[in-house]
Each structure stands twice: as structure tokens, then as C-alpha cells.
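Participant: structure here, sequence nowhere to be found:
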């Protein structure tokens, strides 16, 4: 006998988890589509040369790679950005530009599982390529906002910055050549604190006055209307000023589109990696769970697919961390605890009436109610126990006597109450009564 | 520069294909859920020993396998049944029985691509395990029916048989020991014709009278009410009779649940493989495309997970061939030709009004209308050309003059007509008018 087990770092999704994930994906799909992002898909396996050297040394090391039946070196995708770059280069002529796509798919990384990481997880990306318009930047912000709001979150914050602000300040301070080191140090601000960062900057030869400016910038907080002029002073003209103006435009556009003030915060401390992003950068946090980290992050980049095509493809996009967000919702008690999509349990009571049950179940399903009809005429208590375990909100019990009398017992499982429905043998009447009572259940 | 290309046998899904596939998956998800099937997911990678020796020699050969970073022999799943067997054995105690699951996921097989097969495709399975109740068998039939009907197909046929009928007839004919060979020959009936099958049976030593009986059975056609008694005569008592009675029950139950007569046909010629299925077997065909083959197939099996657990897990289920069905819908011209989910194209005309456009787009999206707002203020003709190429049904044009006058141009792209909306600067009025006009478009 073979031991049934999953590989280290991999996991099964049981119904409760899978339902919660499907719900998030459905919401994301709806929001992405409302902004006219179109779905695409790419293969799980790519030529190895497409994948290696695109992320970091770490992603190269973590890559699942092998030689296929045809002797080709292949790898399993470790993110959705690299395959999208390959896809865009290959299909740009058919797609038409600007092109907006979303992609929800599984990726694989042979990560160290000791850090609680999984080796298989889902990504959920959206990008607009082929335009440098600030409207595309703004749409990224709006999509992230609408997405988190549609999930049902009330307290979340989208933090934005523009990489040009820092670049402009570094230019003004004569530190343009040291950008990488300075950024790396500033990125540690939240965890290490200003003293340690200042010490690191000093080690890199950054003058004290410059360090003061950089720390002042990275620690700017307050309402956007206050942060913006102070940031403009620090950034000056040129590149930095362009970044501040872009942030100003984003704030105004988000307001026009109805984003409640306070949910979108300019945070000059956000840098997001070092090389890839060139304009707006975005992170988003659940206010009640700051330690969870950003649940949706992204930004603008100059060229998506420079390794595969000479056609420049500037773009902007973000990635929703489905698994992280699910973990957060669970921690907040906002993930549904149901193990089944069933809204109604139909007890299998009298086997002589099986075709009547089937007709009733069919009518209920036709009316959009998900029905679990128990397949066997077992003891009622046993059936209801399973319905309860699975979290089905209500049960409908119709025995021989009820069929004779044209009635039915409707049980609210959470409230542990029951009511009699008088349907006189007319299924449409029964369906209407069930629908009404379902809306009134404790879980409904 | 790296050549952007996909591996042989693999393909990208561009938006039109991805949208069509998402639609099918959404319909399948809705129907599965309405019958209380719950989603699950399993890893793409499994221990090699879980996957090998479970399908055929061919699937073993086609398996994508390698050694992972931890020195484990692993393989990529080639179907969803084997992982489900492993999953059921591992989690049966938490799940509660009977357990109904659906699983929509990608599988990989290093197939010979010369036959037009892909090496990566999606499966879409549903199964009920832990019960031998005929209600579960019937539900499989109903799910397949509701699914194909919900996709919008009108002409399709679900063909069912019960493996016990043939088994009973073979027993009566004294051919129980030769079942495998006889079945293999009978399976060729549709392609090779009765003469060749008769010759093959004779080679196997099947007597002429027995061959006549077997061919009569396999070729029985007609309304279910005529086929059933003739089949009952051939099958006799015992196992064969139980099979006929089960088919009778399915037909009655399907009628009770509202399946139009003619869509469910008893076809004693259907055998579906040799060893796995033990009761009802099912195939389903698009009437206009019989050569496409079965788009959804399944049946009842005695024990799902005997290789992983001693707990017997009988079940019944089927698999929707998403890619085959999509190919069929395309051939029938029933696959949507849109490249975007956008219902409305909002032209970017006057950059001074960008925040007004954003407010309008937000209100339209809030009202459930998917809006493509062009990110750049390009020439109107150029913008509308892209909207047309992508198949967006309608466009909304509001220039400086329209903003002043409180009007808007609504263009029906397919009909090539335009109308003026008078919204007086009130966005709610505009949204209501757009919604009404969208419903009246040529594409709407």
C-alpha cells in the first residue's frame, strides 16, 4: 500500500480553503474585468532560457527544472511576470497596444519551507502595457482599491510613492551613483529604525546633511495635502518634481473616482526593490494586520520584455497575494467557514418519494439555490449531523406525512429553530417559501 | 536576445480563448455548486510513487518526472483522478462521507503532438464518493445535463449504459472469463462495423449464437421505453437484470428532475474502458458534431483509493473535457469572439476633463458595466479602431462641447449607429441611459 502524502512545501486545499480562495478569485476577476483587463494564460513549463536570469539568483536556485522527453531543458514558472514578458514579445502584433491583461495561476519555487513558505502558490497579476499614460498608473491604484473593498475589507491602506522622487533627490544630493546602496539602507527603515540606517549611510560615505534629508523624506507622514508640498520642497525641479506632480495627479484622480480619503496615502518610505520599478510604486496593507505585509504590490516599469524583443513595452501593474490575503482574512475571522457551497440540505426521508425529492431539488436549483440532497435514506439525525458539520445554513425535511399534508419542515441550522411550510403539493409555492426563509436564516 | 517561444505541445491562451474558457469554467462551477459539489485542489507535483502505475503504461511513459532539490522523485499530475484518490485516502476522516467534490485544474502529459494533442490541458472533474446510492448516479446524469444546457447548447445527447448489463449477459453466455477481449472488440463497433467485430469475436472462440446476442445488444437503438424491455430480455435475472433496473431508475429520475426526453438515451453499445467502471457509464455528444467525441464522460466505480487506504470508497463521477468542448463550440460558432470583457469603450477626448472621465468610468463600473477607458488622449478614429478590433459592443464619446452641453455620443459599434444622450451633467442620469442603450445594442 502506498502512503498517501503530499510533498514537503505542498498542500491540498480542502473545501473550506478552496471555497475561500475561489471567492477571492471571483472578486478579483470581476474587478479586473470591470476595468477591461482581459484574461490570458501561459504554460506552466517554459524553455529554461526563458526563465533563468530573470528574477534573482535566489529564484534561479529555487527553479524546478528538468530535461523533458524531447531532451529540452525546461523549467516551471516561478512568477507570472517573466512568462508575461515572453508572451507580450511573442504576441504584441496580435494584441494591439495598449494591452491590459490579468493572469491568475499557480507558480512554483523550491523555497526553504522553514520560513513557513509554500513551494506552490497562486499569483494574481494585472498589468497595462504599451502606454506611459498616468491614467494607467491611476487605474492600478483604483483596481487595488476596488478589489480590497469588494472583498469586504473596510480598514485598509494603499501606500504609494514615485521612484522618481527619490531619484531626483539623490541627483540633487550628488548621490545618483550610490542609489542602490542608499535604497537598500532606506528599505530597512521600518525594521531597523533611523539610527541604524543613518549609521549605514555614513558607512557608505553619505554626508550627514544628505542623510538628514534622506531620512526626513523617508519618514514624511501625514495627510497627503501636507506631505505633498514638503515632498515637493525636498525633490525640487526636474525628475523629482515630475514624481511629486505624478503623485499629486494620482491623489486627485483617485478622489474623482470616489476613493475615500485616508485609504490612499503617499508614503515616501516605500521603495519596492531596486532596479525594476521606475515610476509609481504601490503597497497595500490591512490596517488591523500590519505585520502581514503588503497584500497587493506593484508599480510602473520602463520596459517589460527587453530580453525578448526590441519593441519597448512600458507598463504598470500589480500582483495580488492571494494566499497572504487569505491568511489575513482567516486571522480577522472574515474567511467563510463553510465546507460546502450548499445553501440548503434536503433530507432523504422516504425512499418511495425519491422522484418527488428530485423534482423539488431540481426546482430549487433552477431558482438558484444550491441544494445538497442526501443520497441515501439514512436516519434523519445522522443526515442533519452531516449538514451541521458542513455548515449548511438550512435543512428541508419532507417525510411521508408531510407529503400527504402538503407541508414541509424548514430548519434554520444555526438558530436551531424549525418552521412549517404549507405548500399544498405545489413546488413553485415551496420554492418561493424556501427562498424567503433562507434569506431570514441566522446564516443567511 | 532570447527567442520568445512556447514549448512544443504547449500554448498560450490569448484573451479570446481565455475568456471563452473562463466562461465554461464559470458555468461548470455554478452547476457543480448547485448540486453541493465542493471545490478542492491538490498540488501539481506529487511523489512519483503516487502517480506511476495508476493509469496505463502510456500515462507512465508520458509522465513529466524529475528529481527535486531534496532528492525526491516527483511527477506532474497527468489527471485529477489519481490525486483525488490520494487526497480521499489522506483526508477521508476530516471530510465526512458521502463527499462530493469538483476539481478544475491543469494536467500534463508528454503526448505525441502529431495527433493534434496538447501536452498541457485542463480537466474539470466531479465525483461523489462514499455511497453506492443510485441517487448519486442520477445526480451525475443531471449535472452533465444541466451543465451542457447552461452552456447554451440545445442539441446534445447523454448516452448511458450500465456495465452490469453486459457483465450479466456475458455470464449467461458463459463468457465471463473472456470479458476483456469481448469488450475490446465491441468497443470497435462504431468504427469497424458489425462484420469485423463478429470476425474478431469468432477468432476469440465466441460461438455464433453468442456473437449474435452480443451484437444485438450493442446495436439496440430506439426510444428508452422500447430499448429497456428488449435489454431486459437479453440480460435476464441477476446482475444483468440489476443493471437494467438501474437504467430504468435513472430514466425515471431524470424525467422527474425535468430532463427533456430525447436528451438522455440508453445506449448498450457504450462500454467506456475495461476495468475501472462497474455500474453506470456515461458519454455525451453534441448532436451537430458527433465526430468530436464525448465532451463529458464518467461512470461508477467500486473503489477509488484501494492503493492508498483499506477504507473502501465507492463512487461515481465524470470529467468535462473543457478543451474539447471549447473546440466544439468554436466549430459551431458558439464561442464568443470578444477579446476583452469590456462592454463599453470610453474615449479619452479632452485631457482637461480626465478627472470627469474617471468619475464617469467609476460610476459605470459601480453599476456593473465593464469599461475600457482609453489611457491616452489619442485621435478618436484611432481609439475607436482599437475598440472595434477588440469587439467592444459600444463606445461613449464626450468631448469638450459635450461636457459643456451636458450631452454624450453613444455609438453602437456593430450597428455603426450613434445616438445623443442628454445627461445634463448628472452622472446617475448618464449611467442609466448607457445601461438602457447597452441592452439595445446589436451585440447586447
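Facilitator: Received it, and whenever you're ready, just let me know what you need. All of these numbers come straight from a predicted model, not from anything done at the bench. Numbering: from 1, shown residues only, chains lettered A, B, ... in the order given.
Participant: near chain B, which residues of the stretch 151-300 of chain A are found?
Facilitator: Contact residues, the stretch 151-300 of chain A versus chain B (Cβ under 8 Å from any Cβ of the partner chain): A:252-253, A:256-258. Every C-beta, even on glycine, is put in place using the N, C-alpha and C of the backbone.
Participant: these two touch, right, residue A:46 and residue B:7?
Facilitator: Yes - using Cβ atoms under 8 Å, residue A:46 is in contact with residue B:7, at 6.9 Å.
Participant: who's more crowded, these two?
Facilitator: Neighbours per residue (other Cβ atoms under 10 Å in any protein chain shown) separate residue A:46 from residue B:7, with residue A:46 holding more: 22 against 17.
Participant: does that one lie in a helix or a strand, and which?
Facilitator: Applying DSSP states H and E as the criterion places residue A:46 in strand A:45-47.
Participant: I'd like the next helix or strand past that strand.
Facilitator: Strand A:45-47 is succeeded, C-terminally, by helix A:48-51 (DSSP H and E).
Participant: so which bits of that following helix are buried?
Facilitator: A:50-51 (16 or more other Cβ atoms under 10 Å in any protein chain shown).
Participant: packing partners of it?
Facilitator: strand A:73-76, helix A:81-95 (3 or more Cβ pairs under 8 Å, 6 or more residues apart in numbering or on different chains; DSSP states H and E).
Participant: I'd like these as JSON lines, with distance to residue B:16, mean neighbour count and mean pLDDT appended.
Facilitator: Formatted as JSON lines, the helices and strands packed on helix A:48-51 follow (distance: least, Cβ to Cβ, whole Å; neighbours: other Cβ atoms under 10 Å in any protein chain shown; pLDDT from 0 to 100):
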{"stretch": "strand A:73-76", "distance to residue B:16": "26", "mean neighbour count": "20", "mean pLDDT": "98"}
{"stretch": "helix A:81-95", "distance to residue B:16": "10", "mean neighbour count": "21", "mean pLDDT": "94"}
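Participant: between these, which gets nearest to residue B:214?
Facilitator: Nearest to residue B:214, of all the helices and strands packed on helix A:48-51, is strand A:73-76, at 47.4 Å by Cβ to Cβ.
Participant: so how far is that closest one off the chain centroid?
Facilitator: 26 Å (Cα atoms, centre = their mean, to the nearest Å).
Participant: can you list the strands that it pairs with?
Facilitator: Strand A:73-76 has these partner strands in its sheet, going by DSSP bridges: strand A:45-47 (antiparallel), strand A:65-67 (antiparallel).
Participant: export these to CSV and tack on mean pLDDT and distance to residue A:236?
Facilitator: Shown next, in CSV, are the strands paired with strand A:73-76 (pLDDT from 0 to 100; distance: least, Cβ to Cβ, whole Å):
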stretch, mean pLDDT, distance to residue A:236
strand A:45-47, 98, 44
strand A:65-67, 97, 48
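Participant: need those strands in JSON lines (columns: distance to residue A:105).
Facilitator: Converted to JSON lines, the strands paired with strand A:73-76 look like this (distance: least, Cβ to Cβ, whole Å):
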{"stretch": "strand A:45-47", "distance to residue A:105": "12"}
{"stretch": "strand A:65-67", "distance to residue A:105": "18"}
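Participant: deepest of the ones you listed, which one?
Facilitator: strand A:45-47 (a mean of 23; mean count of other Cβ atoms under 10 Å in any protein chain shown).
Participant: could you list the residues in contact with it?
Facilitator: A:68, A:72-77, A:82-83, A:86, B:5-7, B:10, B:64, B:108, B:120 (Cβ atoms under 8 Å, 6 or more residues apart in numbering or on different chains).
Participant: ok, now how distant is residue A:111 from chain B?
Facilitator: For residue A:111, the distance to chain B equals 10 Å [Cβ to the nearest Cβ, to the nearest Å].
Participant: what of residue A:426?
Facilitator: From residue A:426 to chain B the distance is 16 Å (Cβ to the nearest Cβ).
Participant: tell me, how many residues neighbour that residue?
Facilitator: So residue A:426, with other Cβ under 10 Å, has 10 neighbours.
Participant: could you list the domains of chain A?
Facilitator: For chain A, automatic domain parsing gives the domain ranges A:15-331, A:344-439.
Participant: check contacts around the closest residue to residue A:363 other than its chain neighbours.
Facilitator: With sequence-adjacent residues excluded and distances taken as Cβ to Cβ, 6 or more residues apart in numbering or on different chains, residue A:363 is closest to residue A:427, at 4.7 Å. If a contact means Cβ under 8 Å, 6+ apart, then residue A:427 has A:359-360, A:363 as its contacts.
Participant: next: residue A:84.
Facilitator: So residue A:84 contacts A:40, A:42, A:101, A:103, A:125, A:127, A:304 (Cβ under 8 Å, 6+ apart).
Participant: also residue A:287?
Facilitator: A:155-157.
Participant: which ones are touching the nearest residue to residue A:188 once chain neighbours are set aside?
Facilitator: Leaving aside its chain neighbours, residue A:188 sits nearest to residue A:197 (5.9 Å; criterion: Cβ to Cβ, 6+ apart). Residues in contact with residue A:197 (Cβ under 8 Å, 6+ apart) are A:185-186, A:188-189, A:215.
Participant: checking residue A:197 next. Helix, strand or coil?
Facilitator: helix (DSSP: H, G, I helix; E, B strand; the rest coil).
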